[in-house]
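K.L.:
this is a predicted model, with the sequence first.
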Amino acid sequence: MSEFIKLGDRIVAKPKGSDYDLIPGQTYSLEWDSWNDEAIIKENGEFNMPTKIYESKDSKFLKERVMKYFNDTSDQNVGVMFAGEKGTGKSVDAKYLAQSSGLPIFIVSARFPIRQLTKVFKKFETPCCLILDEVEKNWNTEQMLEFLDGVEKTCKKLVLMTCNDLGRVSQYMQDRCSRIRYLRKYTVKDNYEFLPFLLEEYNVLNKEEVTDFITNRMKLPSIDNMLALIKEVKLLENEEYTVEMVAKFMNMEIIGETKLPETPKEETKSETPSIEDVDFDFENDLKWEDCECCCAA
């Protein structure tokens, strides 16, 4: 067996190893070896996902539409953007969609040079899914246009992107269905849909008080924050605490926080008598000869 292979006009040593096929549902890291100036693919185990997934009606509908189009189209790329504030479930929905796709999943490292994506995915034909988290923070999104446009033929890809600030994403990616076909916008209030289920699941007794506090006083009603508060309220259910008192010492911002009343201080009498307390006869008790100041001279 030969030890070399010819790539165009280049002759390189044949790499050692065994044949490998991308595994459906398997998660891979796509990293960049800056020393050798080449892409590296590594098996990456499983996603860090919540024990229980709370899926909204909009998220479920979007997932079904995306997969229907991806399976029926011949397009090289189907772009999906999940945009919104932190803690609103963007990353969880993106990872859940990726898992549901049944495709090999590539998590693109924040250090990966975005212009090299086309080069990587034109080397094989297996359909796959990419996740680019916080695109506006980690990459120059204008450099993604050529990749999303499919100027060079690559394998078929489901490209999932998340961002916190859509305003920082290239204007040439917005209102361009050929680049981002589906856009899901999230707000902090989206998670209110799950609140009745969470209260029922943990059998919270004062449901109305907890609901009122979360919807009107909690600044960031993420699933994590809502669950943390509900579990804490449940833990102290037999104690005389209001929901606000429970939340006060937790790591969450409260809108219009009420200050607890201060304990009144007890008046204590000074041991050193004031001049009003001293029975003093000015004429008889004070003599000039007793004064050591200049008057005595």
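P.N.:
That came through fine. Numbering: from 1, shown residues only.
K.L.:
can you give me how far the host helix or strand of Asp93 is from the chain middle?
P.N.:
Using DSSP states H and E, Asp93 maps to helix 90-101. In terms of C-alpha atoms, centre = their mean, to the nearest Å, the centre of helix 90-101 is set 14 Å apart from its chain centre.
K.L.:
and that helix, what does it pack onto?
P.N.:
Counting contacts by 3 or more C-beta pairs under 8 Å, 6 or more residues apart in numbering; DSSP states H and E, helix 90-101 is packed against helix 57-72, strand 77-84, strand 128-132, strand 157-163, strand 182-186. C-beta here means a position set from N, CA and C on the backbone, and glycine is covered the same way.
K.L.:
so which of these is nearest Gly45?
P.N.:
Closest to Gly45 of those is strand 128-132 (C-beta to C-beta; 14.3 Å).
K.L.:
what pairs with that closest one, parallel or antiparallel?
P.N.:
strand 105-108 (parallel), strand 157-163 (parallel) (DSSP bridges).
K.L.:
got the helices and strands packed on helix 90-101 as a markdown table, with mean neighbour count columns?
P.N.:
Shown next, in a markdown table, are those (neighbours: other C-beta atoms under 10 Å):
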| stretch | mean neighbour count |
| --- | --- |
| helix 57-72 | 14 |
| strand 77-84 | 23 |
| strand 128-132 | 24 |
| strand 157-163 | 24 |
| strand 182-186 | 19 |
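K.L.:
between those, which one is nearest to Glu208?
P.N.:
That would be helix 57-72 among the helices and strands packed on helix 90-101, by C-beta to C-beta, at 24.0 Å.
K.L.:
does Thr187 really touch Gly87, like I thought?
P.N.:
No. Using C-beta atoms under 8 Å, Thr187 makes no contact with Gly87, being 10.9 Å away.
K.L.:
which one of these two has more residues nearby?
P.N.:
Gly87 (17 against 10; other C-beta atoms under 10 Å).
K.L.:
excluding chain neighbours, what is closest to the more buried one?
P.N.:
Ser222 (3.1 Å; C-beta to C-beta, 6 or more residues apart in numbering).
K.L.:
identify the residues contacting the one you found.
P.N.:
Ser222 sits next to 86-89, 188, 191 when contact means C-beta atoms under 8 Å, 6 or more residues apart in numbering.
K.L.:
ok, residues contacting stretch 62-69?
P.N.:
55, 78, 80, 93, 96-97, 100-101, 158, 181-182, 184.
K.L.:
how far does it sit from its chain's centre?
P.N.:
Mean C-alpha position of stretch 62-69 versus that of the full chain (C-alpha atoms, centre = their mean) differs by 24 Å.
K.L.:
likewise for stretch 50-62?
P.N.:
With C-alpha atoms, centre = their mean, you get 16 Å for stretch 50-62.
K.L.:
using PDB, write out the CA atom coordinates for it.
P.N.:
The C-alpha trace of stretch 50-62 is given here as PDB (Å, rounded to 0.1, in the frame of the first residue of the first chain):
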ATOM      1  CA  PRO A  50     -31.700  20.500  31.500                       C
ATOM      2  CA  THR A  51     -33.200  17.300  33.000                       C
ATOM      3  CA  LYS A  52     -36.600  18.300  31.800                       C
ATOM      4  CA  ILE A  53     -37.300  20.300  28.600                       C
ATOM      5  CA  TYR A  54     -40.100  22.900  28.700                       C
ATOM      6  CA  GLU A  55     -41.100  23.500  25.100                       C
ATOM      7  CA  SER A  56     -43.400  26.300  24.100                       C
ATOM      8  CA  LYS A  57     -46.000  26.100  21.400                       C
ATOM      9  CA  ASP A  58     -44.000  28.500  19.200                       C
ATOM     10  CA  SER A  59     -40.800  26.500  19.700                       C
ATOM     11  CA  LYS A  60     -42.600  23.200  18.900                       C
ATOM     12  CA  PHE A  61     -44.200  24.700  15.700                       C
ATOM     13  CA  LEU A  62     -40.900  26.100  14.600                       C
END
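K.L.:
ok, back up a step: now tell me which of the contacts of stretch 62-69 the prediction trusts least.
P.N.:
Among those, Glu55 has the lowest pLDDT, at 86.
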